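Participant: A structural model of the following input is requested.
(chains A and B)
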Amino acid sequence: MPAFPALNQEDIDYFDRSLRELLTKSEANVALLVEKAGYLIHQCGNPEQLDTTTFATLGSNAYNAVQFMANLVNETNFTSMYQQGENFSTLMVNVDENSLLVIVFPTHLTVGSMKYYAGPVVRGICERIKFASARGDVVDFSDVDARDVQALFNKAP
Amino acid sequence: MAIINQATKELQVKIVYYGPAKSGKTTNLEQIHANVQVPNPDSKGKMTSLATSSDRTLFFDFFPLEAVAIKGFKTKFALFTVPGQVIYNATRQIVLRGVDGIVFVADSQYDKMEENIETFNHLQDNLKALNLNLDDIPYVMQYNKRDMPDVAPVEYLEFLLNNREVQVPQFEASASQCDGVFETLNMITRMLLHKFLNDGVRSR
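Facilitator: I've put the predicted structure just below:
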């Protein structure tokens, strides 16, 4: 399984434009790009009331779990997952092997419209990730003095 | 695998606490969450536990923790536990996805040795299912519950669990007293960061 590539400012700008455009067109509240190990890659929207780090972790693990379930009954075509709420709903759409798009939207909007607007965004992000992977950036830490990396965490007295 | 964001200067790393049921994985995270010194409140995220009604981990426990910057990169550690009960083995595999470092929390009590070994074997199997190899992943052993009666000598635990080609660092702990918890965490984070310093971080 290839890992998520190192990202640069141009990648982040691309994700930002794509997610903002998605929110504008779909009228959703929040869009998150999430790596399936649980990392939040980028977020757009109005997430003040939402702990997006936790949301991304829960979302990715939930998606992975249901995908695992689907595989057990030989369902290999698993591309999205939907949680219907009373005020807000959540749609998770597969981007590629390593990442997901998570959209939070008010319930007066339909999941069908979210999927419609998410489609081109997902394809664009997928291409951008492929481009970043092909670039193969390496961040070299070799000039850091390893002695600086000692006890990172201390217990409060 | 670790995520690096050169735009925001962030390095995100996943550490999983793995071990048999009731060995103290969740207690480790609770103690870290309760006692860690942070430069500002935002450095420590909320602890999330997906547990059964009897407080047994059903899916995972999780909290994010930020550490000092390395070469200008803010390092974010995502700490996870897996459920200890064997019936949740599929769930353990899901939580292991993208793991960078592992703390194996063993229960030191004599009557838990079989469970320790079985769980360690499951860990290797689960990693294989994800096309990962324990030899390639930094990990440490924590021999927990040293404050309990009838614990096995550390040498015996080492013989059973840390007898591979390369012996990994081991720590005695009583997580409920917060003894050995920070020593374990600091060793796995050091091992991880040294790995990044040696290898660099790239798309793999």
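Participant: tally of neighbours for the closest residue to chain A within chain B?
Facilitator: Sorted by distance to chain A under C-beta to the nearest C-beta, the residues of chain B start with B:Gly98, at 2.4 Å. Just so you know, the C-beta spots here come from the backbone N, C-alpha and C atoms, and that holds for glycine as well. Neighbour count of B:Gly98, defined by other C-beta atoms under 10 Å in any protein chain shown: 26.
Participant: that one against B:Met1, yeah?
Facilitator: Yes. Using C-beta atoms under 8 Å, B:Gly98 makes contact with B:Met1 at a distance of 5.7 Å.
Participant: hang on, the earlier thing: what pLDDT does the residue nearest to the residue of chain B closest to chain A when sequence neighbours are not counted get?
Facilitator: Once flanking residues are discounted, B:Gly98 sits nearest to A:Ala37: 2.4 Å by C-beta to C-beta, 6 or more residues apart in numbering or on different chains. According to the prediction, A:Ala37 has pLDDT 90.
Participant: residue contacts, A:Ala37?
Facilitator: By C-beta atoms under 8 Å, 6 or more residues apart in numbering or on different chains, the residues touching A:Ala37 are A:60, A:98, B:1, B:3, B:14, B:97-99.
Participant: report the longest helix in chain A, please.
Facilitator: With secondary structure taken from DSSP state H, chain A has its longest helix at helix A:111-135.
Participant: which helix or strand lies directly C-terminal to that helix?
Facilitator: Where DSSP states H and E defines the elements, the next helix or strand beyond helix A:111-135 is strand A:138-139.
Participant: at contact distance from chain B, anything in that next one?
Facilitator: Yes. Strand A:138-139 comes into contact with chain B (C-beta under 8 Å from any C-beta of the partner chain), by way of A:138-139.
Participant: how about the helices in chain A?
Facilitator: Secondary structure of chain A (DSSP H): helices at A:9-26, A:52-72, A:111-135.
Participant: rank those helices by pLDDT, which is bottom?
Facilitator: For the helices of chain A, mean pLDDT drops lowest on helix A:52-72, to a mean of 91.
Participant: any chance of the helices of chain A in TSV, plus distance to B:Asn40 and mean neighbour count?
Facilitator: Below are the helices of chain A laid out as TSV (distance: least, C-beta to C-beta, whole Å; neighbours: other C-beta atoms under 10 Å in any protein chain shown):
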stretch	distance to B:Asn40	mean neighbour count
helix A:9-26	24	17
helix A:52-72	15	18
helix A:111-135	31	17
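Participant: and of those, who's closest to A:Ser89?
Facilitator: helix A:111-135 (6.7 Å; C-beta to C-beta).
Participant: number of nearby residues for A:Leu109?
Facilitator: The burial count for A:Leu109: 17, using other C-beta under 10 Å.
Participant: wait, what's in contact with residue 103?
Facilitator: As the question left the chain open, I've gone with chain A. A:Ile103 sits next to A:22, A:26, A:28, A:30-32, A:90-93, A:114, A:118 when contact means C-beta under 8 Å, 6+ apart.
Participant: that's the other chain; I wanted chain B
Facilitator: Each residue near B:Val103 by C-beta under 8 Å, 6+ apart is listed here: B:15-18, B:28, B:139-140, B:142, B:184-185, B:188.
Participant: out of those, which are close to chain A?
Facilitator: Contacts with chain A within those, counted by C-beta under 8 Å from any C-beta: B:Leu185.
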